[in-house]
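> Got a predicted structure here, sequence first:
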Amino acid sequence: MNIVVCVKQTIDTEAKIALNKDGKIDANGVTLVINPLDEYAIEEALRMKEKFGGEVTVITLGGDQATATIRSALAMGADKAIHINDPALGEVDEGSAAAILAKAVETIPYDIILAGVMDTDNGSAQVAVRMAEKLELPSISSVTKLELNGSQATALRVIDGGLATLEVSLPAVITVVQGINEVRYPSVAGIMKAKKKPLTTLKLSDLGLDPSDLVLQAKVTQYTLPNPRQGGRILPGESAEATHELARILREEAKVL
């Protein structure tokens, strides 16, 4: 079985975010990691390989720094990687990322494509499903349990207020959520082996694309940081008096009532 996993490098969710003078996220001194939800996709791919045999290929789009993310995925147990890295590529939105990844996937054999349901920096949950449309493949999102039986996949997905079971024919694109499995840590042996595993670097021209072909459909114009947390308040007086004051605060100040 040929399993493809699309991964993205994101800012560590534990990092303290700051904005530079241009109002953009300042990445200086910030740790970059595999998108945490993509780690669940990698783990699910490795379990498929262990059960059915085959090969796991990870694909990522990004600059030189994304190599570290690729090596981490290879250290977990993936067999090879494709890194789309083109200095001519400027800003990328979900639509252009989906188009580029689809072209890269078309260069290799695949039976199933996995990814995290969304990235933790933008949270759009669009790239994988838009890639599926480009590839003319069925897709199932927010999967918390996945079973394969020949050319069929049965997925339990999260929906508003419950769960739904869907069946789909392979090949298909599946995005997974936290809790589908427990992600393994790379072993020392895995880290050493990762340095020797195949890593193919592609430019847009290798995929038959030109930067001018990728028109942005969405653009972030401004980032803002959340208001800093304020300390707690102690309401004086007896219970009835304090309760009355709490209700007033919630209604007039917090405006949640």
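Cool, got the structure.
> Mind jotting down where the strands sit in the stretch 101-250 of the chain?
With DSSP state E, counting those that start in this stretch, the ranges of strands along the stretch 101-250 of the chain come out as 112-116, 139-149, 152-159, 162-169, 173-176, 199-202.
> Go ahead and measure how far stretch 232-243 is from the middle of the chain.
How far stretch 232-243 lies from its chain's middle: 45 Å, per CA atoms, centre = their mean, to the nearest Å.
> returning to what we had before: including distance to residue 27 and mean neighbour count, could the strands of the stretch 101-250 of the chain go into a markdown table?
C-beta coordinates here come from the backbone N, C-alpha and C atoms, glycine included. What follows is the strands of the stretch 101-250 of the chain, written out as a markdown table (distance: least, CB to CB, whole Å; neighbours: other CB atoms under 10 Å):
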| stretch | distance to residue 27 | mean neighbour count |
| --- | --- | --- |
| strand 112-116 | 20 | 28 |
| strand 139-149 | 29 | 17 |
| strand 152-159 | 31 | 16 |
| strand 162-169 | 37 | 11 |
| strand 173-176 | 26 | 28 |
| strand 199-202 | 21 | 16 |
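> Could you dump these into CSV and include distance to residue 232 and mean pLDDT?
Putting these into CSV (distance: least, CB to CB, whole Å; pLDDT from 0 to 100) gives the following:
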stretch, distance to residue 232, mean pLDDT
strand 112-116, 35, 97
strand 139-149, 35, 96
strand 152-159, 33, 95
strand 162-169, 35, 95
strand 173-176, 37, 97
strand 199-202, 50, 95
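> how much space between the most centrally placed residue in the chain and residue 172?
Here the mean C-alpha position of the chain is nearest to the C-alpha of residue 119 (CA atoms, centre = their mean), at a distance of 3.6 Å. Applying CB to CB, to the nearest Å, the value for residue 119 to residue 172 is 21 Å.
> Take the strands of the stretch 101-250 of the chain and write them to JSON lines, including distance to residue 209.
JSON lines is the format used below for these (distance: least, CB to CB, whole Å):
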{"stretch": "strand 112-116", "distance to residue 209": "19"}
{"stretch": "strand 139-149", "distance to residue 209": "22"}
{"stretch": "strand 152-159", "distance to residue 209": "30"}
{"stretch": "strand 162-169", "distance to residue 209": "28"}
{"stretch": "strand 173-176", "distance to residue 209": "20"}
{"stretch": "strand 199-202", "distance to residue 209": "10"}
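> returning to that earlier point: just checking, the residue nearest to the centre of the chain touches residue 35?
Yes. In this structure, residue 119 is within contact of residue 35 by CB atoms under 8 Å, at 4.9 Å.
> what's the overlap in contacts for the two?
With contacts defined as CB atoms under 8 Å, 6 or more residues apart in numbering, the residues adjacent to both residue 119 and residue 35 are 8, 10.
> mind checking how far stretch 56-72 is from the chain centre?
The answer for stretch 56-72 is 13 Å, by CA atoms, centre = their mean.
> in it, what counts as buried?
For stretch 56-72, the neighbour count (16 or more other CB atoms under 10 Å) marks 56-62, 66-67, 69-72 as buried.
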